[in-house]
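**Student:** Here is a sequence together with a model predicted from it:
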Number of protein chains: 2
Amino acid sequence: MSPRPKIGLKLTTILDEAGEIADQHGIDEVTLANLAKKLGIRPPSLYNHFNGLPDLRKKLAIYGLNRLYEIMAEAAAGVSGTEAVLVISKAYVNFARNHPGIYEATLMAPDPEDEAVQLAGAKIVDLSVCVLHDFNLEGERALHAVRGLRSILHGFSALEQKGGFKLTLDLDESLEFIIEAFIAGISK
Amino acid sequence: MSPRPKIGLKLTTILDEAGEIADQHGIDEVTLANLAKKLGIRPPSLYNHFNGLPDLRKKLAIYGLNRLYEIMAEAAAGVSGTEAVLVISKAYVNFARNHPGIYEATLMAPDPEDEAVQLAGAKIVDLSVCVLHDFNLEGERALHAVRGLRSILHGFSALEQKGGFKLTLDLDESLEFIIEAFIAGISK
DNA sequence: AAATAAAACTAATGATATTAGTTAAGGAGA
DNA sequence: TCTCCTTAACTAATATCATTAGTTTTATTT
């Protein structure tokens, strides 16, 4: 009867749109209803692509982790030492700034233990390990340092996003100060 | 007709119960429906205490910030220098561990710019400023340092909660390493 | 050309927040 | 004690959402 054209949506197309909703209106607005409206289809049709809302969130998290990794890896290319730590840090924070919704989705996976999510996250951890390698930390200290860097980057990004920093003090200067202090500290 | 006993609920009672739901089942389960069920009243009755769900979340955020502040202030009493930074850091992280839902609510205020929310958060910032005072940082460096400490504490807590640290490496040792490295770094 | 799978659909269900209007309980002042 | 008013509960109704079941059309493959 009525024309029901088969659009043939690709997964990446759907995730692009979902990411756009997240960035523009917040992660809570990434509902099946809103996403379907943006795609020009009916909500139940999304069940052909996702196993419900939790599965959409999981796939969006992986999608975000991969995009974040690519940007960090690109920034790290050909740099080393403190400089390398600084550039990946700035890449990380800038990604969170430019894509607040996608970044938020990154840590909102329904099951963080999920294998595919772990894998996507592991690439970023590995990159951090690699970048911190120049500071020859022995054994466990290297792992503590990775946790520290990740804590700083996530904490800084999250607080900046939630309006946790209210003073009129340049944010990029703060980030540089913090990273340099941390690097100086682990270099003893 | 049917007995409609006037319970006379106090705001703190309601927030205690809401916090319990958040800690036990996650912040998303803090719904008017669930909270009403726990209190033995009907959902619409909560509108006598809150201006809808966003207002409940805001009041829960303030409630959480105040509890967090109290625990940190208590820990900081009579200590100074690196030791003081360490104890408030452990107090912060332990609060997030013991009250994951309330802690999460702390940063989930619908409008972080809200005056009352800002005020509750400012007390914690002031305490951090105070504790970092011993490291005589001049001018802006002191503010950068506060942002750094807050970033570390929130980032560490959030990642621990979301399962971001998966290695079998003691978490408390990581926290101590990170804080000590940061302190060493800002002490030049 | 026929068969199969993929991707859209309609219709229906149950849970949710929210609004509107209603009723009982408790305290204050006469 | 009686009256009034505010508070805090209620019932009823609405709109939105995720989700399920079953259906139909399109595209692909045989």
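**Tutor:** Yes, it's here. Residues are numbered from 1 along each chain as shown, chains lettered A, B, ... in the order given.
**Student:** how deep is residue A:54 tucked in, by neighbour count?
**Tutor:** Per other CB atoms under 10 Å in any protein chain shown, the neighbour tally for residue A:54 reads 12. To be clear about C-beta, it is placed using only N, CA and C from the backbone, and glycine gets the same treatment.
**Student:** residues touching it, list them.
**Tutor:** residue A:110 (CB atoms under 8 Å, 6 or more residues apart in numbering or on different chains).
**Student:** For it, identify the helix or strand it belongs to.
**Tutor:** Per DSSP states H and E, residue A:54 falls inside helix A:52-76.
**Student:** Now that helix: buried residues?
**Tutor:** A:56-65, A:67-69, A:71-73, A:75-76 (16 or more other CB atoms under 10 Å in any protein chain shown).
**Student:** ok, now stretch A:172-186?
**Tutor:** Buried, per 16+ other CB under 10 Å, within stretch A:172-186: A:174-175, A:177-186.
**Student:** So which bits of chain A are right by chain B?
**Tutor:** A:107, A:112-113, A:118, A:121, A:140-141, A:143-145, A:147-148, A:150-156, A:158-159, A:162-167, A:169, A:173-174, A:177-178, A:180-186, A:188 (CB under 8 Å from any CB of the partner chain).
**Student:** Make a PyMOL selection of the buried ones in those.
**Tutor:** The buried subset of those, as determined by 16+ other CB under 10 Å, is captured in PyMOL by this line:
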select buried, chain A and resi 107+112+118+121+141+143+144+145+147+148+150+151+152+153+154+155+156+158+159+162+163+164+165+174+177+178+180+181+182+183+184+185+186
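**Student:** out of the residues of chain A next to chain B, who's near DNA strand C?
**Tutor:** By CB under 7 Å from any atom of the strand, no member of these lies near DNA strand C.
**Student:** Just to be sure, which of the residues of chain A next to chain B are found in strands?
**Tutor:** The members of the residues of chain A next to chain B all map outside strands under DSSP state E.
**Student:** give the contact list for the most centrally placed residue in chain A.
**Tutor:** What sits nearest the mean C-alpha location of chain A, by CA atoms, centre = their mean, is residue A:103, with 3.9 Å. Applying CB under 8 Å, 6+ apart, we find residue A:103 in contact with A:64, A:68, A:95-96, A:157, A:161.
**Student:** Any figure for the gap between it and DNA strand D?
**Tutor:** 20 Å (CB to the nearest atom of the strand, to the nearest Å).
**Student:** Name the helix or strand for that residue, please.
**Tutor:** helix A:100-106.
**Student:** quick one: pLDDT of the closest residue to DNA strand D within chain A?
**Tutor:** In chain A, the residue that lies nearest DNA strand D is residue A:31 (2.7 Å; CB to the nearest atom of the strand). In this model, residue A:31 is scored at 94, pLDDT.
**Student:** shaky segments in chain A?
**Tutor:** Where chain A drops to pLDDT under 70, the residues are A:1-6, A:8.
**Student:** Would you map the helices across it?
**Tutor:** Counting by DSSP state H, one finds helices in chain A at the ranges A:11-25, A:32-39, A:52-76, A:81-98, A:100-106, A:115-131, A:140-161, A:171-186.
**Student:** Buried residues in the second one, which are they?
**Tutor:** When neighbours are counted by 16+ other CB under 10 Å, the buried residues of helix A:32-39 are found to be A:32, A:34-36, A:39.
**Student:** Does it pack against any helices or strands, and if so which?
**Tutor:** On a contact count with 3 or more CB pairs under 8 Å, 6 or more residues apart in numbering or on different chains; DSSP states H and E, helix A:32-39 meets helix A:11-25, helix A:52-76.
**Student:** okay, those in TSV with distance to residue B:51 next?
**Tutor:** Compiled in TSV, the helices and strands packed on helix A:32-39 are given as follows (distance: least, CB to CB, whole Å):
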stretch	distance to residue B:51
helix A:11-25	22
helix A:52-76	27
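**Student:** Tabulate those helices (a markdown table), appending distance to DNA strand C.
**Tutor:** Output for the helices and strands packed on helix A:32-39, formatted as a markdown table (distance: least, CB to the nearest atom of the strand, whole Å):
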| stretch | distance to DNA strand C |
| --- | --- |
| helix A:11-25 | 8 |
| helix A:52-76 | 12 |
